[in-house]
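A.B. asks: Predicted model and sequence below, questions to follow.
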Amino acid sequence: MSSDRKVHTFEDVSKHNSTKDCWLIISGKLDSVSTPGRQGGWPSPSFSVCDRRRTSVGRTIDDLIREPQRSGSRLFRDWGRTNQIAIRPNVPRFSYLWTEAHIVYDVTPFMDDHPGGDEVLLSATGKDATNDFEDVGHSDSAREMMDKYYIGEIDVSTVPLKRSYVPPQQAHYNHDKTSEFIIKILQFLVPLLILGLAFVVRHYTKKED
Ligand code: HEM
């Protein structure tokens, strides 16, 4: 994992688009843990980080705070399912927050090992690859692997706005009432003219007989 954990611009991230240097943007939840009132002197209580299958990893709040580059927060994956953090009842002043973020992953070391191949990863650069990632239906273990490649978040204000769909312009119809009227008259007159002509022809051919 790169030590370069920071807020990146979309443009910078987009430049990392080769097999030797591949960064992806995938939305997820950044979980932060705040510990108000630590000055109150409570010891570093341990608590459990549980995933949906209820496996748990015991950690202390101090571990949690030491791990991140930013103080007081650490990345966990949640993916919009149930919260992954179970708070032990003996930790009353512990608060758990999360924010939705566009997370940046440096998947360069994973290019050769990605079971879906490196081509798909390359094709997911330079854009928000969340839908591409979700459409595949990645397993929980794939999601857990992602933390290894986390290098920061994206400054959402630098993400180009989605191009809104502009429907093709309708062909300009001629709403001229007079031309419509003439067409209607012709539709009526042409059969009459043909009928009249048929009578005339018949009349003359009879005389000749
Ligand atoms: C950090 C990002 C990623 C990680 C860690 C990752 C990991 C994995 C893993 C572990 C698998 C094996 C199947 C599974 O366990 O779900 C997999 C399969 C796959 N991944 Fe990814 N992946 C990532 C991003 C992406 C992206 C962005 C795409 C699409 C553009 C993608 C497309 C695929 C495809 C097509 C397969 C093969 C699915 C199959 O054949 O069943 N992956 N990935």
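C.D. replies: Okay, I see it.
A.B. asks: in what helix or strand does Thr205 lie?
C.D. replies: Per DSSP states H and E: Thr205 is located in helix 177-208.
A.B. asks: Show the contacting residues for the one residue in the chain that gets nearest to the ligand.
C.D. replies: Nearest residue of the chain to the ligand, counting by Cβ to the nearest ligand atom: Gly116, 2.4 Å away. C-beta: built from backbone N, CA, C; applies to glycine. Gly116 sits next to Val136 when contact means Cβ atoms under 8 Å, 6 or more residues apart in numbering.
A.B. asks: Over to His114?
C.D. replies: Applying Cβ under 8 Å, 6+ apart to His114 gives the contacts 107, 120-121.
A.B. asks: at 10 Å instead, please
C.D. replies: 22, 107, 120-121, 142, 145 (Cβ atoms under 10 Å, 6 or more residues apart in numbering).
A.B. asks: Could you do Ser179 as well?
C.D. replies: By Cβ under 10 Å, 6+ apart, the contact set of Ser179 is empty.
A.B. asks: What pLDDT does the model give it?
C.D. replies: We have a pLDDT of 81 for Ser179.
A.B. asks: next one: Asp106
C.D. replies: Value for Asp106, per-residue pLDDT: 95.
A.B. asks: repeat for Arg59
C.D. replies: 45.
A.B. asks: Just the ones of the contacts of His114 in helices?
C.D. replies: Applying DSSP state H to these, the entries found in helices are 120-121, 142, 145.
A.B. asks: CSV please, covering those residues and showing neighbour count.
C.D. replies: Shown next, in CSV, are those (neighbours: other Cβ atoms under 10 Å):
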residue, neighbour count
Val120, 14
Leu121, 23
Ala142, 14
Met145, 17
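A.B. asks: Keep only these that also lie close to the ligand.
C.D. replies: Among these, proximity to the ligand is found for 120-121, 142, 145 (Cβ under 6 Å from any ligand atom).
A.B. asks: Would you point out the most distant pair within those?
C.D. replies: Farthest pair in those (Cβ to Cβ) is Val120 and Met145. Separation: 15.4 Å.
A.B. asks: Low-confidence stretches in the chain?
C.D. replies: In the predicted model, the chain carries pLDDT under 70 at residues 1-5, 29-100, 162-176, 207-209.
A.B. asks: quick one, helices of it?
C.D. replies: Assigned helices in the chain, in chain order: 10-14, 61-66, 118-123, 130-136, 140-145, 177-208 (criterion: DSSP H).
A.B. asks: Show me what the fifth one is packed up against.
C.D. replies: Right, helix 140-145. Using 3 or more Cβ pairs under 10 Å, 6 or more residues apart in numbering; DSSP states H and E, the elements in contact with helix 140-145 are helix 130-136.
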